[in-house]
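**Q** compute the structure for the input listed below.
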Amino acid sequence: MRRPLLNDFRKLAEISSLVLILPSSIAVGLAIGYLLDRWLKTEPWMLLIWLIFGVASGLLNLFRGIKRYLREIEEKGDRSRRSD
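**A** Numbers count the residues shown, from 1 in each chain. As a prediction, the model looks like this:
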């Protein structure tokens, strides 16, 4: 009885980490761009460039994470069909 509860929490943790990937990548890109603009006096260019890097990185990691999650679900479904 305890095992399904643990699996549910594991799934919830995986999904919540996928949700946080995009905003955290954008925030890191904004922070780096802002700090570089202040240091190099290049406003707003570094902010825009690093914002684009953050969005691209976040989307790439989000798609990879979703693909991995869907592959794991598919493998679990194949295993359960084989055992029937």
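**Q** mind listing what's buried in stretch 12-27?
**A** L18, I21, L22, S25, I26 (16 or more other C-beta atoms under 10 Å). Yep, even glycine has a C-beta here, placed from its N, CA and C like the rest.
**Q** which residues are contacting stretch 30-44?
**A** Contact with stretch 30-44 is made by W45, M46, L47, L48, I49, W50, L51, G54, as judged by C-beta atoms under 8 Å, 6 or more residues apart in numbering.
**Q** buried ones in that stretch, by neighbour count?
**A** Applying 16+ other C-beta under 10 Å to stretch 30-44 flags L30, I32, G33, Y34, L36, D37 as buried.
**Q** export these to TSV and tack on distance to G58 and secondary structure?
**A** Formatted as TSV, these follow (distance: C-beta to C-beta, whole Å; DSSP: H, G, I helix; E, B strand; the rest coil):
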residue	distance to G58	secondary structure
L30	11	helix
I32	13	helix
G33	14	helix
Y34	17	helix
L36	19	helix
D37	20	helix
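**Q** pLDDT value on A31, please?
**A** On the pLDDT scale, A31 is placed at 97.
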